[in-house]
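1. structure for the following, please:
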Amino acid sequence: MVVHRDSETNNCKTPFKFTEENMKRIEAIIAKYPPEYKCAALIPTLDLAQRQHGWLPISAMHEVARILDS
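-> Coordinates of the predicted model:
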């Protein structure tokens, strides 16, 4: 079982926001899928978050979930 343990640099309160350029990329990624399968963009969007930040913090995961859930 995997458990996330909060740290000073990796917790839900750590700010994470995609750059404008990456938001445009996310829109393009999401557009590749039918609206009812928007969640199919999960892996490429998480990959983009990791590339932007250098690693994948929990706050980035929450931001991806928020974007794909809207």
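2. when you work out contacts or count neighbours from here on, use the C-alpha atoms and nothing else.
-> OK.
3. what residues does the residue minimising distance to the centre of the chain make contact with?
-> For the chain, residue 64 is the residue whose C-alpha lies nearest the centre (CA atoms, centre = their mean; 2.9 Å). Residue 64 makes contact with 42, 45-46 under the criterion CA atoms under 8 Å, 6 or more residues apart in numbering.
4. shouldn't residue 10 be in contact with residue 56?
-> No - contact criterion CA atoms under 8 Å: residue 10 and residue 56 do not qualify, at 9.0 Å.
5. just the CA atoms from stretch 43-58 would do, formatted as CSV, please.
-> Extracted C-alpha coordinates of stretch 43-58, given in CSV (Å, rounded to 0.1, in the frame of the first residue of the first chain):
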residue,chain,number,x,y,z
ILE,A,43,-1.3,10.6,-17.8
PRO,A,44,-0.2,13.2,-20.4
THR,A,45,-1.3,16.0,-18.1
LEU,A,46,0.5,14.5,-15.1
ASP,A,47,3.6,14.1,-17.3
LEU,A,48,3.4,17.8,-18.2
ALA,A,49,3.2,18.7,-14.5
GLN,A,50,6.2,16.6,-13.8
ARG,A,51,8.2,18.2,-16.7
GLN,A,52,7.2,21.7,-15.5
HIS,A,53,8.2,21.1,-11.8
GLY,A,54,11.0,18.5,-12.2
TRP,A,55,9.0,16.0,-10.0
LEU,A,56,5.4,15.4,-9.3
PRO,A,57,4.2,17.0,-6.0
ILE,A,58,0.8,16.2,-4.5
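6. ok, and for it, which residues are buried?
-> 45-46, 48-49, 56-58 (16 or more other CA atoms under 10 Å).
7. same check on stretch 29-36?
-> Within stretch 29-36, the residues scored as buried using 16+ other CA under 10 Å are 29-30.
8. which residues sit against it?
-> Against stretch 29-36 from outside (CA under 8 Å, 6+ apart): 38, 40-41, 44-45.
9. one step back: now secondary structure and pLDDT too, for the buried residues of stretch 43-58, in TSV please.
-> Output for the buried residues of stretch 43-58, formatted as TSV (DSSP: H, G, I helix; E, B strand; the rest coil; pLDDT from 0 to 100):
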residue	secondary structure	pLDDT
45	helix	98
46	helix	98
48	helix	98
49	helix	98
56	coil	95
57	coil	95
58	helix	95
